[in-house]
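Trainee: for reference, the sequence and a predicted model appear below.
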Amino acid sequence: MSDLFRRDPRAEWIARNRLHPLHGTVNPAGEQAEVRGPSGLLRKNPHKVGFIGPNGIKRIDRLKGNATVSMVGRRGAAAQEVQLPLHQVEQPDFYIMVVPDMVGGRLTSQDKDILGQAHQLVKQYEGEGAVVAVVMGSCKEEHFDTAGVDRLILLQDEQYEGFCPEQKLAALEAIEAGYQPKHWLFPDSVNGGTDLGCRLSARLGERAATQVWQINGDTSVSRAAGSSVDISRTTPRLLILMEECADPIDETRHEATELSLTAVPVIAAQLQDQGEVAVDPNAIPLAEAEFILSAGNGIRNWDQFHETAATLGATEGASRVAVDDGFMPRFRQVGATGTWVTARVYLAVGISGAIQHMQGIGQCDKVIAINTDAGCDMVKRAALSVIADSEEVLGALQQLAQEYREQQAQGEEQHAA
């Protein structure tokens, strides 16, 4: 037999044609639904639509995580929210502690990735393990159960507000003494996770692994030298993890039962938090902005758009059409041909959603669309859509924001009196 590799054009054509009856049985050599690229990021194959979940159910998420929201279809039938199966751990044999960043009082996408990684670690050991989220400070999160939290330690006292690493470290030491977790997991981020993880590592005298993106029970792989080199070592107790280290939990509900904690001593802070410094939102680079108000060719009153952005405290962005027409500078352009953004809230006004723009906002947590076209791609992508004239909606937003600030000012005056 010849060793020459012979192509099968028909099999390749069937593999490209998702509607062919034999498409599911053909898998060209090397084709995978998901691979990890050289940078450590997961790359999905767009031709492999759908995947088989742990429950054996084929899932296709075309709505970017918004499929659970009740929506009215073309035939007028409302989609019902799926009740996920409940995962219970009655008597945990060990604990894995996750200390999320909780930016804005809510779990970030990196926090959810780390919770998913914690559950993968639980499976590496014998016995029943519980994933515990340690939340310190203000908390607005309402979905710890679907994020994979089996147990919850919630510390919301006044001394945990703002920048207080000494007080938070004292709480972590109390948790270490009371529960003796098998692993501590922190996000590798500028929002406090790296700093707190390093402080706990020094206090416990254990060497932490940083910039970790792959883990199993025996080995952890970390990025180094500007993400150009991988370093493997035995998995330590303290892990500081990168984004997309694992898939978040999306097919089960968890108990999120609150755990008690013995009294934590109040630590006299050596560093005083003087509060946040007011900055011009437009001085923040688009790639780093958390709240972006973006304009498209649906905007007619540009003075009102700029006033609304200033009132809401949002960084201004724009579509390519608005930039090409000269209404916004080039460095404000959002999209694959402009700036890729990772905002927690992206408010798109009058943007229909060209493919390059949709690629640029792919990592945004919440997308809100204001548009008169209910069938445009931006409305389909958005978690919340307002089908109305942009000028009327922006005017209402300004009025509501001003009323809210007046109420806040009155409340502060009454509290001071």
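Mentor: That came through fine.

Trainee: can you give me the end-to-end span of stretch 251-261?
Mentor: End-to-end distance of stretch 251-261 (C-alpha to C-alpha, to the nearest Å): 30 Å.

Trainee: right, I mislabeled it, should have said stretch 226-237
Mentor: End-to-end distance for stretch 226-237: 24 Å, by C-alpha to C-alpha.

Trainee: likewise for stretch 354-366?
Mentor: Its first and final residues considered, stretch 354-366 spans 18 Å by C-alpha to C-alpha.

Trainee: mind giving me the packing neighbours of the biggest helix by length in the chain?
Mentor: Criterion DSSP state H: the longest helix present in the chain is helix 390-416. Helices and strands touching helix 390-416, by 3 or more C-beta pairs under 8 Å, 6 or more residues apart in numbering; DSSP states H and E, are helix 302-312, strand 345-349, strand 366-371. C-beta here means a position set from N, CA and C on the backbone, and glycine is covered the same way.

Trainee: how about 10 Å then?
Mentor: In terms of contacts (3 or more C-beta pairs under 10 Å, 6 or more residues apart in numbering; DSSP states H and E), helix 390-416 is packed against strand 291-295, helix 302-312, strand 345-349, strand 366-371, strand 384-387.

Trainee: could I get these as JSON lines with mean neighbour count?
Mentor: Listed next are the helices and strands packed on helix 390-416 as JSON lines, based on neighbours: other C-beta atoms under 10 Å:
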{"stretch": "strand 291-295", "mean neighbour count": "27"}
{"stretch": "helix 302-312", "mean neighbour count": "17"}
{"stretch": "strand 345-349", "mean neighbour count": "26"}
{"stretch": "strand 366-371", "mean neighbour count": "22"}
{"stretch": "strand 384-387", "mean neighbour count": "16"}
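
Trainee: the ones you listed: which one's closest to L400?
Mentor: When the helices and strands packed on helix 390-416 are compared by C-beta to C-beta, helix 302-312 sits nearest L400, at 9.6 Å.

Trainee: remind me which residues of the stretch 301-417 of the chain are low pLDDT?
Mentor: Residue ranges of the stretch 301-417 of the chain with pLDDT under 70: 416-417.

Trainee: circling back: which parts of the longest helix of the chain are buried?
Mentor: Residues of helix 390-416 classed as buried: S390, E391, V393, L394, L397, Q398 (neighbour count, 16 or more other C-beta atoms under 10 Å).

Trainee: can you tell me which of these is closest to A343?
Mentor: Nearest to A343 among the buried residues of helix 390-416, with distances taken as C-beta to C-beta, is L397, at 16.9 Å.

Trainee: report the contact partners of that closest one.
Mentor: L397 makes contact with L293, T308, T311, L312, L347, V349, I370, V386, according to C-beta atoms under 10 Å, 6 or more residues apart in numbering.

Trainee: same thing but 7 Å
Mentor: By C-beta atoms under 7 Å, 6 or more residues apart in numbering, the contact list for L397 reads T308, L312.

Trainee: dump the helices and strands packed on helix 390-416 to CSV, plus distance to Q159.
Mentor: Listed next are these as CSV, based on distance: least, C-beta to C-beta, whole Å:
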stretch, distance to Q159
strand 291-295, 28
helix 302-312, 31
strand 345-349, 29
strand 366-371, 30
strand 384-387, 35
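
Trainee: which one, of the ones you listed, ends up nearest to W13?
Mentor: Proximity to W13, assessed across the helices and strands packed on helix 390-416 by C-beta to C-beta, is greatest for strand 366-371 (35.9 Å).

Trainee: which SS class is F331?
Mentor: Here F331 is recorded as helix under DSSP: H, G, I helix; E, B strand; the rest coil.

Trainee: what about the residue nearest the centre of the chain, distance to F94?
Mentor: Geometric centre of the chain, nearest residue: S109, 1.7 Å, by C-alpha atoms, centre = their mean. The gap separating S109 from F94 is 27 Å, by C-beta to C-beta, to the nearest Å.

Trainee: check A171 too.
Mentor: Distance from A171 to F94, counting by C-beta to C-beta: 20 Å.

Trainee: neighbour count winner among those two?
Mentor: A171 (22 against 16; other C-beta atoms under 10 Å).

Trainee: I'd guessed the more buried one sits against L154; true?
Mentor: No: contact criterion C-beta atoms under 7 Å: A171 and L154 do not qualify, at 11.0 Å.

Trainee: hmm, which helix or strand of the chain has the shakiest average pLDDT?
Mentor: strand 51-52 (a mean of 52; mean pLDDT, DSSP states H and E).

Trainee: where does Q167 fall, helix, sheet strand or coil?
Mentor: Per three-state DSSP, the local secondary structure of Q167 is helix.

Trainee: what's the neighbour count on it?
Mentor: Q167 has 21 neighbours, counted by other C-beta under 10 Å.

Trainee: now for it: which residues touch it?
Mentor: Shown in contact with Q167 (C-beta under 7 Å, 6+ apart): Q159, Y160, I267, A269.

Trainee: let me see the confidence value for the last one.
Mentor: Looking back up the chat, that one is A269. Per-residue pLDDT puts A269 at 77.

Trainee: and it, what element?
Mentor: For A269, there is no enclosing helix or strand under DSSP states H and E.

Trainee: isn't it right up against L169?
Mentor: No: the pair A269 and L169 does not pass the contact test of C-beta under 7 Å, sitting 11.2 Å apart.

Trainee: compare these two (neighbour count), which wins?
Mentor: Shown here are A269 and L169; by other C-beta under 10 Å, L169 has more neighbours (17 against 14).

Trainee: for the more buried one, give me its contacts.
Mentor: Counted by C-beta under 7 Å, 6+ apart, L169 has contacts L196, R199, L200, R203.

Trainee: quick check, nearest of those to E276?
Mentor: Distances from E276 to these, taken by C-beta to C-beta, are shortest for L196, at 19.1 Å.

Trainee: any idea how far E126 is from T219?
Mentor: For T219 relative to E126 (C-beta to C-beta), the value is 18 Å.

Trainee: to clarify, my last question referred to T308.
Mentor: In this view, T308 and E126 are 57 Å apart by C-beta to C-beta.

Trainee: same deal with R332?
Mentor: Distance from R332 to E126, counting by C-beta to C-beta: 55 Å.

Trainee: have a look at those two and say which one is more surrounded.
Mentor: A direct count of neighbours by other C-beta under 10 Å for R332 and E126 places R332 higher, at 21 against 7.

Trainee: beta-bridge partners for the residue lying closest to the more buried one once chain neighbours are set aside, please?
Mentor: Distances taken as C-beta to C-beta, 6 or more residues apart in numbering place A318 nearest to R332, at 4.7 Å, with adjacent residues excluded. Per DSSP bridges, the residues bridged to A318 are A295, Q333.

Trainee: thank you kindly, that will do.
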